[in-house]
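Peer 1: sequence first, then the predicted structure, then my questions.
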Amino acid sequence: MPQLIAELLVMLLIILAAAEIFTNALEHLGERLKISEGVTGSLFAAVGTALPETMIPLLALFAGTTSVSVNEEIGVGAILGAPLMLSTLSTCLMALAILGRRGATGLVTPERTGLVRDLNFFLLAFVLAALAMYVPKSAHILRVGLSFGLVLTYFIYIMMTVRASSSLVESGHGTEAGARLLLTRLRLPENMFTILLQLGLGLGLLVFGAKGFIHGIEQVSELLGISALLLSLLIIPIATELPEKVNSILWIRRGKDTLAFGNITGAMVFQGTLLPAIGIMLTPWEPRIEVLSGVLITLLAAAWLRVNARPQGLAVWVLLGNGVLYVTYLTITLSRSS
């Protein structure tokens, strides 16, 4: 056990360092391309840091254990657990990171149109994904249609986000780098190649650190005797969402609220459309009680953010409320498993 804890700490340090490298490069990339913070956070950062949790259900379904049912449980849990963590625990951790500076009544001020667009698309997609659980597996054509609809929803979201970029840049929401590119300290020139090199280095370290962390968490769960579904709903997402959590905490502490929120809500849209589309097609995708409670809490958390997305911003206490929802889900799930 001490060796496992040491491994987890090392992987956590790698993730922290990788997040610093990644966010620094991403800011320079967005500034050089003259794109809005919304595109940088909701598309570039969100998709990039969503790779670890995207890989888990795919690996489980296509190259998992010899047990099909275990593979499906891990796949469904990882697909639904990721947006649950982002909408509850991740937003709460952002609030805790700035609670001392801004206070509970202080404001978080991401660019509102992008935040509202992200939350609207996520709520629409996740409701469709939830309804698909009640479609029998024998209704193959209907399931294919729902999966295609979720994929199409994400592509429409991309087009709308990119289309809004130029006007946001003109109104002062362009991406700005807050510090010099880290690789230039090694006497490398600051050009597009160096930016992409650092971006790839940061992303590679994020994936490596997250995979190592997941491996350690899986070993701990085996020692504790945790089921595959509970592992995939609760423990794996905590590890795989670390890149988003750390990136967003770094950005929000620097006052880059749009990037911080875009990284979270953009990943929610990605994971609420493409991953459920895979789950609908490749798993039973049934309304089990453990799954439904997680879906309901996720929708409540996203709706809570959407209702409180006022023109002046969101109060810090609103984000802390999402943490209460996570504790509620944790209590329900653990009480049923005991």
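Peer 2: Here it is on my side, so go on.
Peer 1: buried residues in stretch 85-105?
Peer 2: Neighbour-count burial for stretch 85-105 flags 85-95, 97-98 (criterion: 16 or more other Cβ atoms under 10 Å). The way it works is simple: take the backbone N, C-alpha and C, and place the C-beta from them, glycine included.
Peer 1: next structured bit after the helix or strand where Ile5 lies?
Peer 2: For Ile5, the enclosing helix or strand under DSSP states H and E is helix 2-33. Counting by DSSP H and E, the next helix or strand C-terminal to helix 2-33 is helix 37-39.
Peer 1: elements contacting that following helix?
Peer 2: helix 112-132, helix 140-163, helix 165-168, helix 257-282 (3 or more Cβ pairs under 8 Å, 6 or more residues apart in numbering; DSSP states H and E).
Peer 1: read off the pLDDT value for Phe261.
Peer 2: Note for Phe261: predicted pLDDT of 92.
Peer 1: next: Leu234.
Peer 2: Here, the pLDDT recorded for Leu234 equals 68.
Peer 1: what do you get for the one 3 residues further on?
Peer 2: Model confidence at Pro237, expressed as pLDDT, equals 73.
Peer 1: I'd say it and Met85 touch.
Peer 2: Yes: the criterion here is Cβ atoms under 8 Å, and Pro237 meets it with Met85 at 4.2 Å.
Peer 1: among the buried residues of stretch 85-105, which are located in helices?
Peer 2: Assigned to helices by DSSP state H, the following of the buried residues of stretch 85-105 qualify: Met85, Thr91, Cys92, Leu93, Met94, Ala95, Ala97, Ile98.
Peer 1: show me which of those residues is closest to Tyr329.
Peer 2: Proximity of those to Tyr329 (Cβ to Cβ) peaks at Met85, which lies at 10.0 Å.
Peer 1: and the gap between that closest one and Phe270?
Peer 2: Between Met85 and Phe270 the distance is 14 Å, computed by Cβ to Cβ, to the nearest Å.
Peer 1: next: Ser42.
Peer 2: Distance from Ser42 to Phe270, counting by Cβ to Cβ: 9 Å.
Peer 1: which one of these two has more residues nearby?
Peer 2: More neighbours surround Ser42 than the other of Ser42 and Phe270, with 33 against 26 (other Cβ atoms under 10 Å).
Peer 1: can you tell me the SS state at the residue nearest to Met133 when sequence neighbours are not counted?
Peer 2: Among residues not flanking Met133 along the chain, Pro287 sits closest, at 4.2 Å (Cβ to Cβ, 6 or more residues apart in numbering). Three-state call for Pro287 (DSSP: H, G, I helix; E, B strand; the rest coil): coil.
Peer 1: now Pro287: phi and psi?
Peer 2: phi -80, psi 60 (degrees, to the nearest 10).
Peer 1: just checking, it touches Tyr134?
Peer 2: Yes: look at Pro287 against Tyr134 with Cβ under 8 Å: they come within range, at 6.1 Å.
Peer 1: of these two, give the one with the bigger neighbour count.
Peer 2: Ranked by neighbour count (other Cβ under 10 Å), Pro287 and Tyr134 place Pro287 first, with 12 against 9.
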